[in-house]
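Undergrad: Give me the fold of what follows.
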Amino acid sequence: MAVTEGTGPRTYGNFRKPRASGLRGLSLGATMLLFGGLIAVVLGTLVSVWIALALAVVLALAMAPLAVRDRHGRTLMQRGAVRLAWWRTTSSGGNLYRSGPLGRAGSGTCRLPGLAAQSSLSEAQDGYGRPFAVLTVPATNHHTVVVSCDADGAALVDERQVDIWVAHWGQWLSALGTEPGLVAASVTVETAPDPGVRLQQEIGANAVNDAPDLAREMLRDVVAAYPSGSAQISTRIALTYSGAPRAGAPRRNVEEMAVHIGTRLPGLTAGLSMTGAGTAVPMTATELAEAVRVAYDPTVAQLVEEARAAGGTGLTWDEAGPTAAQEEWDHYRHDGVHSITWAMTEAPQGEVFSNVLTGLVQPSRDIARKRVTLLYRPHSRAEGARVVQQDYKNALFTAQQQPIGRASDDAEVVAARKAAEEQAQGHGVIQFGMLITATVDSAEDLPRATAAVDNLAPAARIAVRPAYGSQAAAFAAALPLGLVLPLHTALPQTVRDAM
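TA: The predicted structure is shown next:
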């Protein structure tokens, strides 16, 4: 991320998506197929012109799904693969989930569906003696800790202080590339209607018996009127570590990873204090189970708040999932509510201000519960250097393919070179993405939620598309669970990048 300074407000930019290493925007695999097909056509002319013509037609038909892209950069083959996977899922009933005593899960519990079905939750203590939850996903051997933040917000804060917060946040993200064993991080900002239980509890705890009648009446009016239309904003940061074995050591189990994370957690939470995140406290196992339970069934939000005020809910991980869920092509139904999840396909272009995402994360009157999740996958210094150098070479190669230079290609070369120079100066390189989940009470409210996101995304200078055919997985990935989606796919990431 490049920072521009001057006499005016500071701007940020140069968010880059690595260019394809193939010919004229094609992937490496498509380029190799094209060259192989052209060689076959040339050899076919030695036998018969008709054979060469037939091979040329076959090559064109094979290249079309790999070369034709939509406005979100997805090829016809990728879209066809999603359709095929969705057909297989619905044919086998994999889009339906029923749990509980009468469900099909088999254990009589309400475990999480989909990617987090095999996850387990334990609790440990960090170096400060604070309890924290450790979420383990056996499929990827990942262990996640979630930190709850009380962000200060930028209201009535001068620009210089905001710039300082952004600078420290960039440094904190850059340091994740050197964090031992860390593979991913995510920031989830969730907005939901405030049930008013906390306000009522706070007023009740501070009221005295001999208070004047006017004061009592005023406070009763406050308790009755203030929660109406108000919003509750929660910010959570998930840090995902790999339990892969170190050189010369066996694979680490949950207890060893809890010790490792516990020693690193105090430094990570202390670093967040300078980023405007406010007080950063690790979430306990019960708190994380409550947050996930409310996400799948927002109707229990007030009950959870009341139980907390009464001493605690006692929810366990086996009770955090929905009792029923059904995934559709373009939305997700879970415990009586409906959700749509969008994925970012294009980062902000050009230079933007620090408040570019403010409208997106703020509460919206058309969306009952909104969740915006930023996904980060930091590179180590060696990996970052390789990525930016390869991106610079690809941008330079693309610019040299044109007989007459285009301004867009020249700008790409300059931006790629600037990214390489910044990485050489010690800046971190991080892959990032974004998921937006809108939850409404009924299916009739889905069009309004869709229209709201369609209006908020351009204002944030990003392009989004619904996660068609993967709504359940995208919904789970938008939760503070630390799921790394590329590692849950059938094809490895390197193979998909080459196609």
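Undergrad: where does the residue minimising distance to the centre of the chain land in three-state SS?
TA: With distances taken as CA atoms, centre = their mean, the residue of the chain nearest its centroid is residue 375 (3.7 Å). Recorded secondary structure, residue 375: strand (DSSP: H, G, I helix; E, B strand; the rest coil).
Undergrad: which element is the closest residue to it other than its chain neighbours on?
TA: What sits nearest to residue 375 in space, not counting adjacent residues and going by CB to CB, 6 or more residues apart in numbering, is residue 433, at 4.5 Å. The C-beta positions use only the backbone N, C-alpha and C, and glycine is treated the same way. Using DSSP states H and E, residue 433 maps to strand 430-440.
Undergrad: got the buried residues for the helix or strand following that strand?
TA: Sequence order places helix 446-459 as the next helix or strand after strand 430-440, per DSSP H and E. By neighbour count with 16 or more other CB atoms under 10 Å, helix 446-459 contains the buried residues 446, 449, 450, 452, 453, 456, 457.
Undergrad: pretty sure the third one contacts residue 341?
TA: It stands for residue 450. No: at 11.5 Å, residue 450 does not count as touching residue 341 under the criterion of CB atoms under 8 Å.
Undergrad: what comes up buried for stretch 90-109?
TA: Buried residues in stretch 90-109, counted by 16+ other CB under 10 Å: 95, 97, 99, 100, 103, 105, 109.
Undergrad: same check, this time on stretch 9-20
TA: The neighbour-count check on stretch 9-20 (16+ other CB under 10 Å) flags 10, 11, 12, 13, 14, 15, 16, 18, 19, 20 as buried.
Undergrad: One more: stretch 466-486?
TA: Neighbour-count burial for stretch 466-486 flags 466-485 (criterion: 16+ other CB under 10 Å).
Undergrad: So which of these are in helices?
TA: For these, the ones inside helices are 471, 472, 473, 474, 475, 476, 477, 478, with DSSP state H as the criterion.
Undergrad: Provide a list of residues in contact with the fourth one.
TA: The neighbours of residue 474, taking CB atoms under 8 Å, 6 or more residues apart in numbering as the test, are 341, 343, 435, 437, 467.
Undergrad: where does it land on pLDDT?
TA: With respect to pLDDT, residue 474 scores 95.
Undergrad: got it, and the first one?
TA: What the model reports for residue 471 is a pLDDT of 95.
Undergrad: hang on, it packs against residue 342?
TA: No: if you go by CB under 8 Å, residue 471 and residue 342 don't touch, sitting 10.1 Å apart.
Undergrad: remind me which residues of the stretch 1-150 of the chain are low pLDDT?
TA: Where the stretch 1-150 of the chain drops to pLDDT under 70, the residues are 1-8, 20-22, 24-25, 105-106.
Undergrad: Tell me where it has helices.
TA: Secondary structure of the stretch 1-150 of the chain (DSSP state H, counting those that start in this stretch): helices located at 28-45, 49-67, 76-91.
Undergrad: Figure out which of the ones you listed is closest to residue 140.
TA: Closest to residue 140 of those, according to CB to CB: helix 76-91, at 19.4 Å.
Undergrad: For the nearest residue to residue 186 once chain neighbours are set aside, identify the helix or strand it belongs to.
TA: Nearest residue to residue 186, sequence neighbours excluded (CB to CB, 6+ apart): residue 238, at 4.6 Å. In this assignment (DSSP H and E), residue 238 forms part of strand 231-242.
Undergrad: Could you list the buried residues of the helix or strand just after that strand?
TA: Per DSSP H and E, the first helix or strand lying C-terminal to strand 231-242 is helix 254-272. By 16+ other CB under 10 Å, the buried positions in helix 254-272 come out as 257, 258, 260, 261, 262, 264, 265, 268, 269, 271, 272.
Undergrad: Including pLDDT and distance to residue 279, could the residues you listed go into CSV?
TA: Putting the buried residues of helix 254-272 into CSV (pLDDT from 0 to 100; distance: CB to CB, whole Å) gives the following:
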residue, pLDDT, distance to residue 279
257, 92, 25
258, 92, 23
260, 92, 24
261, 93, 19
262, 93, 19
264, 93, 19
265, 94, 14
268, 93, 14
269, 93, 9
271, 90, 13
272, 91, 9
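Undergrad: Among those, find me the one that's closest to residue 57.
TA: residue 257 (55.4 Å).
Undergrad: which ones are touching the residue nearest to the closest one when sequence neighbours are not counted?
TA: Leaving aside its chain neighbours, residue 257 sits nearest to residue 143 (4.4 Å; criterion: CB to CB, 6+ apart). With contact taken as CB under 8 Å, 6+ apart, residue 143 is in contact with 134, 135, 136, 137, 240, 241, 242, 243, 254, 257, 258, 261.
Undergrad: do residue 451 as well
TA: Contacts of residue 451 by CB under 8 Å, 6+ apart are residue 366.
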